[in-house]
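Curious how this folds, go ahead:
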Amino acid sequence: MKKLLAVSTAAIAVTTGVTATADAATHTVKSGDTLHSISQQYGTSVSAIKAENGLKSNLILPNQVIKVNEAKAATESTTEYTVVSGDTLGKIASKYDVTVSQLKAWNNLSSDLIIVGQTLSLQAPAQSAVPAQAPVAQQAPAQAPAAQQAPAAQQAPVQQTKEQVAAPAQQQSYQAPVQSYKAPAQQAYKAPAQQSYQAPAQRVRTTQTSTASTGGSTKAQFLAAGGTEAMWNTIVLPESSGNPNAVNPAGYRGLGQTKESWGTGSVEQQTKGMLNYAKQRYGSVDAALSFRSQNNWW
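Numbers count the residues shown, from 1 in each chain. This is a model prediction of the structure:
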């Protein structure tokens with residue numbers, strides 16, 4: 001929940017020329033800012049800023065982070081991004097063509113929780129280059145093999161006389177006796193029967209615990225306390241990423257990001273506070289969901 005501060009574009013007249021600064025993706029509204037002065041500062045138009053941020057009027061708030069020339073800045077070498085209301089790691093990763101795991105690794109994030117105004121790195125940290133080693137000099141080729149000596153002249157074969165040539169001896173065939181062997185029969189082994197053991201029954205002591213500490217996941221406790229899937233997806237996840245202890249730099253707390261008392265306490269207390277707030281301020285939960293979808297805050 002955020003209280004509106006009306007800032008009329010006609011309240012402050014810009015009488016001097018404004019030189020456009022470098023392109024920027026976001027701008028944090030300061031006291032006295034108007035959409036016209038911001039558009040002149042960044043070399044764009046009021047209609048372009050309203051289109052980028054989904055604004056239906058010229059009302060802006062001090063400390064509100066708005067997008068300025070985001071599409072142009074995204075096409076250049078963007079290395080950092082400042083979180084605005086309604087952002088999630090999934091949206092940022094899709095926008096800059098990276099993954100949620102890469103964003104968490106580059107920014108040392110242990111969960112998906114991010115807060116408005118937080119600066120995220122969009123690329124891996126630079127690593128120092130390792131100097132390349134000089135190539136190893138190749139050894140000189142081995143010396144050419146020594147010239148082979150010419151083969152010695154072959155002597156003519158010696159002729160054998162009839163007396164020297166003897167008929168080959170006849171080989172006698174020999175057949176080794178076949179020995180028959182029969183292995184002794186193996187005795188069958190029967191393992192002794194195992195004794196069954198039954199552990200003594202343990203006495204179970206039941207202890208009731210509070211729903212706030214052992215009621216399952218945050219979402220389960222939220223639904224059990226009367227919250228709806230639509231409220232969880234449209235309000236809780238964009239505002240606090242489902243963290244009941246989330247606190248942003250502006251002091252907004254809890255699942256629904258508020259400064260009222262129901263922004264703290266158990267999940268059940270925060271859920272009931274959100275339901276009461278939606279009905280009191282907007283008349284119904286459905287009307288609150290519709291307003292949050294159109295304006296990115298409630």
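
all contacts plus neighbour counts: C-alpha atoms, from now on.
Fine.

Just give me the neighbour total for the residue nearest to Y252 when sequence neighbours are not counted.
Nearest non-adjacent residue to Y252, counting by CA to CA, 6 or more residues apart in numbering: T258, 4.6 Å away. By other CA atoms under 10 Å, 21 other residues sit near T258.

How about G227?
Neighbour count of G227, defined by other CA under 10 Å: 20.

for it, what are its contacts?
G227 is in contact with 271-272, 275, counting by CA atoms under 8 Å, 6 or more residues apart in numbering.

again, but for Y282
A288.

Please spell out the segments of this structure that come in under the pLDDT threshold.
Residue ranges of the chain with pLDDT under 70: 1-24, 71-77, 127-215.

For it, which segments count as strands?
Applying DSSP state E to the chain gives strands spanning 26-28, 65-67, 80-82, 119-121.

Now distance to K279 and mean neighbour count too, for the ones you listed, in CSV please.
Below are these laid out as CSV (distance: least, CA to CA, whole Å; neighbours: other CA atoms under 10 Å):
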stretch, distance to K279, mean neighbour count
strand 26-28, 31, 17
strand 65-67, 28, 20
strand 80-82, 33, 15
strand 119-121, 35, 17
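
now the helices: where do they sit in the protein?
Assigned by DSSP state H, the helices in the chain fall at 35-41, 46-53, 70-75, 89-95, 100-106, 211-214, 218-224, 229-231, 237-240, 267-282, 285-295.

nearest to P62, of those?
Across the helices of the chain, P62 has its closest neighbour in helix 35-41 (12.0 Å, CA to CA).

ok so, going back, with neighbour count and distance to Q294 as added columns, please give the contacts of G227 in TSV.
Below are the contacts of G227 laid out as TSV (neighbours: other CA atoms under 10 Å; distance: CA to CA, whole Å):
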residue	neighbour count	distance to Q294
T271	29	22
K272	16	23
L275	18	19
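
re the thing from before, for T228, which of the strands of the chain is the nearest?
Closest of these to T228 is strand 65-67, at 29.0 Å (criterion: CA to CA).

Return the list of helices and strands in contact with that closest one.
Here strand 65-67 touches strand 26-28, helix 46-53, going by 3 or more CA pairs under 8 Å, 6 or more residues apart in numbering; DSSP states H and E.

ok, what's across the strand from the residue nearest to Y252?
Beta bridges link T258 to R253, judged by DSSP bridges.

gap between T26 and N69?
8 Å (CA to CA, to the nearest Å).

follow-up on the earlier one: for the strands of the chain, give me TSV that also has distance to L89.
Formatted as TSV, those follow (distance: least, CA to CA, whole Å):
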stretch	distance to L89
strand 26-28	17
strand 65-67	17
strand 80-82	11
strand 119-121	10
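
Which among these is found nearest to W262?
Across these, W262 has its closest neighbour in strand 65-67 (25.2 Å, CA to CA).

returning to what we had before: let's have the helices of the chain in TSV, adding distance to Y252.
Below are the helices of the chain laid out as TSV (distance: least, CA to CA, whole Å):
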stretch	distance to Y252
helix 35-41	25
helix 46-53	21
helix 70-75	26
helix 89-95	20
helix 100-106	24
helix 211-214	21
helix 218-224	19
helix 229-231	18
helix 237-240	10
helix 267-282	13
helix 285-295	16
